Every structure is written in structure tokens, then in C-alpha cells.
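**Q** Could you look at this predicted model? Sequence included:
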Amino acid sequence: MAVTRFAPSPTGYLHIGGARTALFDLLLARKTSGKFILRIEDTDQSRNSPTAAKQVMDDLRWLGIEWDHGPDVGGPGEPYFQSQRLDIYNKYIDQLISDEKAYYCFDTPEELTQMRDKAAAAKKNFLYPRPSQFPTEKQADQARADGRPVAVRFCMTDDDIIVEDSVRGRVKFSGKELSDFIIRKSDGFPTYHLACVVDDELMGVTHIIRGQEHLMNTPGHIALQKALGFKTLVYAHMALTVSEGGGKMSKRDKAKVLKDAIKSANPDKEKIASVGNISIQDFDDFLKGNSTPDNPAIDAMAEFLGIKLPEINIVDFFKSGYIPEALVNFIALLGYSPPTDKEILTLDELIETFDLSRLSKTNSLFDRKKLLAFNMEHMKLLSEEKLLQRYKDFLSGTNSPASADDKLLLRILKACEGARTLAEVEFKSSFLFVDANNIKYDQKSVEKVFLKNSGQGLAMLAELKQQLLDLKEVSEKSIEDMLRNLAERKEVGLGKVAQPLRLAICGTTVSLPIFEAVDMLGIEETVKRIDNAISKFSGKTL
RNA sequence: GGCCCCAUCGUCUAGGCAGGUCUAGGACACCGGGUUUUCAACCCGGCGACAGGGGUUCAAAUCCCCUUGGGGCUACCA
């Protein structure tokens, strides 16, 4: 019976790394019939966005990651927003102070950086100089009155601290090399370290699964647990997911692609900055690599420039037409391997076979091509109803013109079996939903299919039109027969007939299978588009 | 710089803890062929790895050490 928790700080969208952590927390809890808690770590007043917590929750739910206790659903550990638990933290902090296991400090940021620089210059690890005599309550009041920041630091123990980690084994830290760290900031909020240790104890958490970036925090947490008389927990520090350029996957990966694109396009600075709703100053800093705009700004600028950024946040994957079943399966296999060779697994199967000891120690690279393959497999696995639902969800998040009844949508979905993403389905079928006069003809395709060989393809259209009009009865089958017969008579491959037709009605050479495409469009509309194409391109040459 | 973690095909990984059954298995990618009305899909086949160096041992991908390489942390962020 493991009690796990996912504790995001609501600073933005849920990203792939967070989703992976949450997934493993869920897997362990479900596998052991335990509980999975969601806790919002909003103790940084400057970075929290009011909408982010909701966004994170939406993303988790979209993935199928449902929590037993937490926001919206409640539970015995309420409240689940740390910003609402200040009294609780203060009780423990005050206790620590009166036990002389923590003390007030009044350093300004400048003084602190000075101390750090000094340590760095001496090639030494920075250790906060613990005063031999701890400041009194009175002195703290005086400091506050003097306008100095008043924070509280925890006395790190000198003993060696062993972290028994489920994935890394025993990791030893020398307490002497660990600095006293802040547990209450001068704004009165606890730091992450204090809040999470207290909450994990109070909420009955038994297992901590988190990224390797937290490994160095763990000895501090263990020392805190000892000082507070809490029990220690089982830790599992997962390997990270890194991106191509090295380093862990983050919004910086998106920023980099955007920056390169802006630099090479060299467009109107002010315009772009205004699209991203950021100042020229911030924009310049971004180009110089001094700062990274936030996600909405990055996405807006990219959309304006028409460039595709690598997906990092869960919503990015949603917008690109991935389905949650595939994403969940894929991220589960990053740094973890199920006991058998079977790789395509549902959430339930993942839970059933989950084994904490099968987490791997090595960082992994996010392979988008494999994700694509997984997405296709899961699209095939989904029931019709589920797939339809996923597709409708996807469409509602796009500006696709596609709007149709379930029957047509389902028919499209079926015709697209083998597509790798829902975006592909949309792309292949969007011609059905635009007006004949709004078809955009792809220039390269026009040249290749219509104009090449002295306009052979274009010439085929007139013939096609007549045949279509002569059709006695309209069905996929009759359209197919007609096209095949025509190709045979002309002594050409079917492609020579089908491609001009496809281009005429879609404007591109990629679409649904052509027989179905024509049947869905209807003869009248098909003929209209053929006429349009003929009048638009006849007389044109290469 | 300091501290910590890691190291098997291009990528995700199995095997490692209990050394021999590993001429190292699977998946994705890639390459070749087939199928084909486009893109996919599908079928058949192929290429492809134990980072390097020392030990220990009858025997090392597996245990130990070093080197190299990668990663993380180094905030009054989480």
C-alpha cells in the first residue's frame, strides 16, 4: 500500500517531465492498491500563475491520471494548496527554532552573493556561516523594524547521511559539506524543502518518486525529518529525459528553435514582439540568449511565423494530434521497462505489470519518431467511440474547418486507418470542409501533376469530369470502376488518373483514398472543383 | 570550481544485483525488396552495441579501480 504524491508548482503548463513523474506515482499507488495524492506547491508568490494549477489538473486528467486526494476531490490531508497551510508550517518552524535546530538570519541578497563569490574564488563549496549564538526573537523583530529581510535557516547535521534510493542504491552524503538552508523565506512562506517534508509526513506519503534533479535535496530533507521526528520515506530518483542538444527537456528547447527561426527570417522585430505580447527589451534579451519568454509568448510568436516548435508541454502534444493513451505508454517507457517484450500497453496493463525495481538509472532521449509509431498503434487500438471522442476533442482545439456529424467523422477516421496522428486525419480530410473557391493549390503539386508532360494531367480532368457526370449510380465502387477503366483505356497507371483528380478536389496530393474522397464530396462538388482547376490552370506551362 | 549520478545497437531498452546458457534479445529509426490511387499503413529481409584501460576469476556485458564522456545540483525556485 504505497501512498504517493505528485507535487507540481503551478508556474505554467504541465510538461512532459512532470507528466512522467505523475505517471509513475500513479502506477505505484495503483499497483499496490494505495493512494495517489495531488498537491499544489504554490509557495513561491512571485512565480505562481492563477490559471496554471487548473491547467496542470486539466492536463493530468486528459492523460488519464486521476488523483485520489487533492484539489477538486478533497481528502484527509486538506487543504492541498500549500499556500493555504502556512499555519501548519509555521508551527513546525517555530518548534525547530525553539529547539535550536533552526535560526534567524538577516542577510541581504547582496551579502549572500558576496559570500558565495568568495567561496567560489577560493574554489570551495559555499557553506553558510552558522552563528555561534543564534539571534533571539527580539533581534529578529529589530531586524524587521530595520527593514532587513528575516529568514529562517535549518541547522544541517554534521553526520553522514545515507539516502537509500530504490533506483540508485545507497548514496552517501557528508553532512559537513551540506550548508544550512532556508526553511522560511523573508516573505513568511516556507521553502519547498520545509513544506514538502511536513506535508509528506502529514499526508501519510510513503514513497517519493521524482526526478534525479532532487537527489541533492534529499539529504537535507532526511535531516529535516529527523529533526522533526518524522519517519523517513522510500525514495526513487528517476533518470531524466533529455533532449537532443543535451540537458533536460524544457521550454528552452522550444525557445531555441524559435530563436533560430527568428534570426534566419530576420523579420520585423516590433511586430513579432507585439504578437508575443512582450517588450522590445525582452525580445532583444531573448535573441541575445539572456532570457526566455514564457510559453504563451513563445507559442504565439511561433504560430505567427508559421514554424513548428518541438512539443514539450502536454498541451503541445494534444495540439499536434497525439492521443493520451500513446503519450502515457511512451513516457512510461522512458527510464522504465516492463517485464516482458510487449511495448504497446494501456494504462491498465502498465499498472498491472508495474515494478518499481525496473526503473533504469540512465537518462533517456525523447525519440519523437518512436512516439509517432506508438500513437499510430494506439489509434488502431482505440474503440470507434473512443477514437471519435479523441478526434472531436482534437478538432475543438484547432481552427480546423472540419465540422461534421459523427457518422461522417467516423467514416473519415476509418478511411485514415494507419494515420499516425489526429492532425494527419484532419489534414487529409480538410478539403471536405472548405468551399470550392477556397481551395489552395499547392504550387509544386500543380507543376508535377497538372503541368508536367505538356499538361497531360490537366488534360485528364476534362475526361474525368465527363465520366463522373455519366455515372449511372454513385458509390465508392462505381467511382473506382470508372477510374480503373479510364486508366486502362488510356493505357496509364491508375496514379495518372487519380492524382490529377485528387489535386483538383483537394489542392494537394495527399488526402483520403480517392474513391472515398469523391464519394464523400459528391459528384456535383467534385465537378465544380474540376472546372475550377481547369479554368485556373489551363494555358499555364512549366 | 565543489558535490552527486550515469555509461549495451542511431534511439528507447532486455540481460547486470545471484559471472558461464549472450556468436548480446526486443522495439523505433534506417537500408533493401514486395504491395500500392497519394501520404501513411501492411508483408519479407538486412545493417547495427557491451566507451577505453587495468584488475579479480578457469570464465566478465555482468564484480572492483582508473580514465574518458554525458547528466544533475550548487537560490529567501520548486
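**A** Arrived safely.
**Q** Is A:Asp94 in a helix, a strand, or coil?
**A** helix (DSSP: H, G, I helix; E, B strand; the rest coil).
**Q** Quick check: which element contains A:Val163?
**A** Here A:Val163 is covered by strand A:161-165, with elements defined by DSSP states H and E.
**Q** and after that strand, which helix or strand comes next?
**A** That would be, after strand A:161-165 and using DSSP H and E, strand A:169-173.
**Q** now that following strand and strand A:161-165, what's the angle there?
**A** Strand A:169-173 and strand A:161-165 are oriented at 160 degrees to each other (axes from the mean of the first three to the mean of the last three CA atoms, to 10 degrees).
**Q** follow-up on the earlier one: average model confidence for the strand holding A:Val163?
**A** Strand A:161-165 comes out with an average pLDDT of 95.
**Q** again with stretch A:498-513
**A** 95.
**Q** For it, which residues meet the burial criterion?
**A** The neighbour-count check on stretch A:498-513 (16 or more other CB atoms under 10 Å) flags A:498-509, A:511-512 as buried. The way it works is simple: take the backbone N, C-alpha and C, and place the C-beta from them, glycine included.
**Q** same thing with stretch A:371-387?
**A** For stretch A:371-387, by 16+ other CB under 10 Å, it's A:371-376, A:378-379, A:382, A:387.
**Q** Then stretch A:436-455?
**A** Under 16+ other CB under 10 Å, the buried positions of stretch A:436-455 are A:436, A:439, A:441, A:445-446, A:448-451, A:455.
**Q** End to end on it, go ahead and measure it.
**A** Terminal residues of stretch A:436-455 lie 22 Å apart, using CA to CA, to the nearest Å.
**Q** Could you give the separation of it from the chain centroid?
**A** 38 Å (CA atoms, centre = their mean, to the nearest Å).
**Q** Same question for stretch A:519-539.
**A** 42 Å.
**Q** Does it reach RNA strand B?
**A** No - remark: stretch A:519-539 sits outside contact range of RNA strand B, by CB under 7 Å from any atom of the strand, the gap being at least 11.2 Å.
**Q** Give me the residues contacting that stretch.
**A** Residues outside stretch A:519-539 that contact it (CB atoms under 8 Å, 6 or more residues apart in numbering) are A:408, A:411-412, A:431-432, A:436-437, A:439, A:441, A:446, A:450-451, A:455, A:458, A:461-462, A:464-465, A:468-469, A:471, A:474-476, A:479, A:501, A:503-505, A:512, A:518.
**Q** can you narrow the residues you listed to ones near RNA strand B?
**A** Near RNA strand B, by the rule CB under 7 Å from any atom of the strand, you find A:Leu512 out of the contacts of stretch A:519-539.
**Q** so of the buried residues of stretch A:371-387, which ones are in helices?
**A** A:371-376, A:378-379, A:387 (DSSP state H).
**Q** which one of those is nearest RNA strand B?
**A** A:Ala373 (3.5 Å; CB to the nearest atom of the strand).
**Q** and that closest one, what does it touch?
**A** Contacts of A:Ala373 (CB under 8 Å, 6+ apart): A:Arg420.
**Q** for RNA strand B, what are the nearby residues on the stretch 201-350 of chain A?
**A** A:212-217, A:239-240, A:242, A:246-248, A:333-337, A:341, A:343.
**Q** domain parsing for chain A?
**A** A:85-238, A:251-311, A:436-537 (automatic domain parsing).
**Q** any idea of the mean pLDDT in the shortest one?
**A** Averaging pLDDT along domain A:251-311 gives 89.
**Q** For the stretch 51-200 of chain A, which segments are assigned as helices?
**A** A:52-63, A:86-98, A:109-121, A:137-145, A:192-202 (DSSP state H, counting those that start in this stretch).
**Q** Would you tell me whether the shortest one gets close to RNA strand B?
**A** So the one you mean is helix A:137-145. No - under the criterion of CB under 7 Å from any atom of the strand, RNA strand B is not reached by helix A:137-145; the shortest gap measures 9.5 Å.
**Q** same for the lengthiest helix in chain A, what does it pack against?
**A** For chain A, the helix that runs over the most residues, judged by DSSP H, is helix A:452-470. Counting contacts by 3 or more CB pairs under 8 Å, 6 or more residues apart in numbering; DSSP states H and E, helix A:452-470 packs against helix A:476-490, helix A:494-506, helix A:523-537.
**Q** Pull out the buried residues from the first one.
**A** Yep, that's helix A:476-490 we're talking about. Applying 16+ other CB under 10 Å to helix A:476-490 flags A:476, A:479-480, A:482-483, A:486-487 as buried.
**Q** Give me the contacts around that helix.
**A** Counting by CB under 8 Å, 6+ apart, A:460, A:463-464, A:467-468, A:471-472, A:493-494, A:496-498, A:501, A:514-516, A:518-519 sit against helix A:476-490.
**Q** make it 6 Å
**A** Contact with helix A:476-490 is made by A:467, A:471, A:494, A:497, A:515-516, A:518-519, as judged by CB atoms under 6 Å, 6 or more residues apart in numbering.
**Q** And stretch A:323-335, by the same measure?
**A** A:20, A:62-64, A:238-239, A:241, A:317, A:345, A:347, A:350, A:360, A:364, A:371, A:374-375, A:378, A:390.
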